[in-house]
Structure formats: C-alpha cells, structure tokens
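> Give me a 3D structure for the following:
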Amino acid sequence: MIKMAQYGTKHGHAAGKLRSMQTNAEVEVVGVFEPDESRREEMAQSGSYEGVYWFESEVEMLDDDEIVAVASEGANVESLDQTEAIIRAGKHVWYDKPAGENWGQWQEIIAQAQAQDLLIQMGYMFRYHDGYCKIAEWVHSGFLGDVFAVRAHMSTFVGKAQKETVSVHQGGIFFDLCGHQLDQIVHLLGRPERVTPFLRNDMREVEGFTDNGVGIFEFERAIAIVDIAALEPRPNARRFEVYGTKGSAIMEPMEPAEKIRLCLDEARDGYEAGVQFVDVAQQSRQDLYDLELEAFLPAIRGERAPDRSYEHELLVQETVLRGVGSL
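Down below sits the predicted model:
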C-alpha cells in the first residue's frame, strides 16, 4: 500500500485525481492540504471531498515520512511552488499541468528530483489515450512514413469568471491547454527548431486574455499547428491529425474518441490501401486519470521505468513557454 496525499484543490483535474487515488486498491489517501481556507471550507462541503482528512498545514503533510507521493493539484499560479515544496520534502509528485511560468525554477525542480531519484509525472492524460497511443506507435514505427505535418485543435468554451482567472497567464487559454497537445507532438517529433505564436483577444470580454491562440512549431522536416480558443460552443470539435509520406491518421473527435480515419498508400500490417476507420477504445476522462496513476505507482516502486523522462518533461514545458512567447 502506497500512502499518498493531495496538495491543492483548484486545478480543474483535482477532484478526478483524488477519485483515482481513492479507488485504487494500492493507494491509501492520507489527506488533502488546501492553503486557501475559504476554498477548503467550500470543498469540504462538496461530494468530491466527502470524508477526506484536511491537513492543518503544509508542514503537517510534508513532514509525514509515511507519505511517499503527493498529487500536486493547485491552481496554475501556485502549483509550481507547491511542487517544489513536495520535492524538497523528498516525495514523488503526480503533477497536474502545465509546469508554471518560471522556466528557471522548473529546471531547478527537475534537477532536484533527479538528484534525489524522485519521479515527477506530469498529468497529461492523453499519454494513456488509446487513439493517441495508436497514432504514436504508427509514427515511431515508420508505418505512416516520414511525418511532415501535425495539426491539433483543442478549443473549449469558458465563462467570464474563468477567463479572468486564466488571464493572469501569458497566452491565456492557449497556455492552459496547449501542453496536452505539445506533450504528444514533442513525443512524436522532438524539439521544434522555431516557434511562432499568434495570441489574440478577439471577443475582448476580459482585458489581456488570450481567447484565440495558434502556435506554429517548425521542425527540420515537419510543421505542427496547434490552435486553441476559449470561444467554441460545446460539444467541442477537438481533433488530432498526423500526415506522413506513406499515410495519414485523423482522430475526430479526440475526446471522447471513437475512430481514427487511417489512409495508407498501400496495404500493410493488416490494413488496406486507402481509407479505413480504426476503432478506438472507449475511455472516459476518469479512465485516463486512473491509467495515469496505474503508470505512476510501479514507476515510483522501481518496478518499471517512467513512461516519460525528465528530459521530456522539461522539453514539453519549454515548448509550452515558447508557444506563448515567454521564452
């Protein structure tokens, strides 16, 4: 049994990550620490946090030597500092994205984790999405040939209050969500040589808030385009596309995914030439959180290597910050 805790409740994935820990037979949830007292009182009344123990202080949680790992679930403005505190306390971190805006601090946190042999696993749940996994396998095996283009569309719709919250970040909604797609793109193509962001406030409802963003990521032999807006009515038409010299793969919708449109130049590996539709496992968002945790636990026990390296986690965040013009 691995004892875990949760630091913060303000991230959009926080309640889902807590549920994953509570329902995993290998985890004992020791408690939750929320530094904002009013938020803590609010969450204590919600069903998602019913029955949890609330730590009185950060020290109470981080000084508990029996707690092996902590889910870092604070708001984006606070989670980087909270993650650093967790690492300094000698605990593994399941850290919800993105990794803040202070590039130097993130590099130092990764260095501290490496020095102590601690795992930091970012909460990019699409790593465990059957459709993305299929596409990654096709790319890495050369099944689609040389990839020359990737397109990712991950828009959403948020109200004014959430826009005001996210507006503190350069890049607004693009900063908030682009890491999910850049995590995949970096996994497929590596580090972009050049990044050009286009960050707009088209509806002008909240001053300084990027509500419509596009990033162009140029590689030696490929281009990736990521577009994210906060203006698209639900259900959002989220889409992921990969184009190679021997075939293409288009997943729409990507969440919840149903099928991938696969097009091949010739028959191979059991697939036909031309267009066919490949089934994707039906997975809820909660299913993906559960799979994240199922990968995290054996990695911190040393039973398997982490699914992503320290270098990958650094590269994704560097690319996020380049994508919003911060680097």
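> Spell out, range by range, the helices that occur in the stretch 151-300 of the chain.
Using DSSP state H, counting those that start in this stretch, the helices of the stretch 151-300 of the chain run over 160-166, 172-189, 285-300.
> can I get these in CSV with distance to Ala25?
All C-beta atoms are positioned from the backbone trio N, CA, C, and that covers glycine. Listed next are those as CSV, based on distance: least, Cβ to Cβ, whole Å:
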stretch, distance to Ala25
helix 160-166, 35
helix 172-189, 28
helix 285-300, 10
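> Return the most buried member of these.
Each of these was scored by mean neighbour count; the highest is helix 172-189, a mean of 25, by mean count of other Cβ atoms under 10 Å.
> Would you mind extracting the C-alpha trace of that helix into PDB?
This file holds the C-alpha atoms of helix 172-189, laid out as PDB (Å, rounded to 0.1, in the frame of the first residue of the first chain):
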ATOM      1  CA  GLY A 172      -4.400  32.700 -21.600                       C
ATOM      2  CA  ILE A 173      -6.400  29.700 -22.800                       C
ATOM      3  CA  PHE A 174      -3.500  28.600 -25.100                       C
ATOM      4  CA  PHE A 175      -1.200  28.400 -22.100                       C
ATOM      5  CA  ASP A 176      -3.800  26.500 -20.100                       C
ATOM      6  CA  LEU A 177      -4.400  23.700 -22.600                       C
ATOM      7  CA  CYS A 178      -1.700  23.600 -25.200                       C
ATOM      8  CA  GLY A 179       0.600  21.300 -23.100                       C
ATOM      9  CA  HIS A 180      -1.800  18.400 -23.800                       C
ATOM     10  CA  GLN A 181      -1.100  18.600 -27.500                       C
ATOM     11  CA  LEU A 182       2.500  19.700 -27.200                       C
ATOM     12  CA  ASP A 183       3.200  16.700 -25.000                       C
ATOM     13  CA  GLN A 184       2.100  14.500 -27.900                       C
ATOM     14  CA  ILE A 185       3.800  16.500 -30.600                       C
ATOM     15  CA  VAL A 186       7.200  16.500 -28.800                       C
ATOM     16  CA  HIS A 187       6.800  12.800 -28.200                       C
ATOM     17  CA  LEU A 188       6.400  12.300 -32.000                       C
ATOM     18  CA  LEU A 189       8.800  14.900 -33.400                       C
END
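> so what does that helix touch, helix or strand wise?
helix 130-140, strand 147-153, helix 160-166, strand 194-200, strand 212-218, strand 223-229, strand 239-244, helix 310-323 (3 or more Cβ pairs under 8 Å, 6 or more residues apart in numbering; DSSP states H and E).
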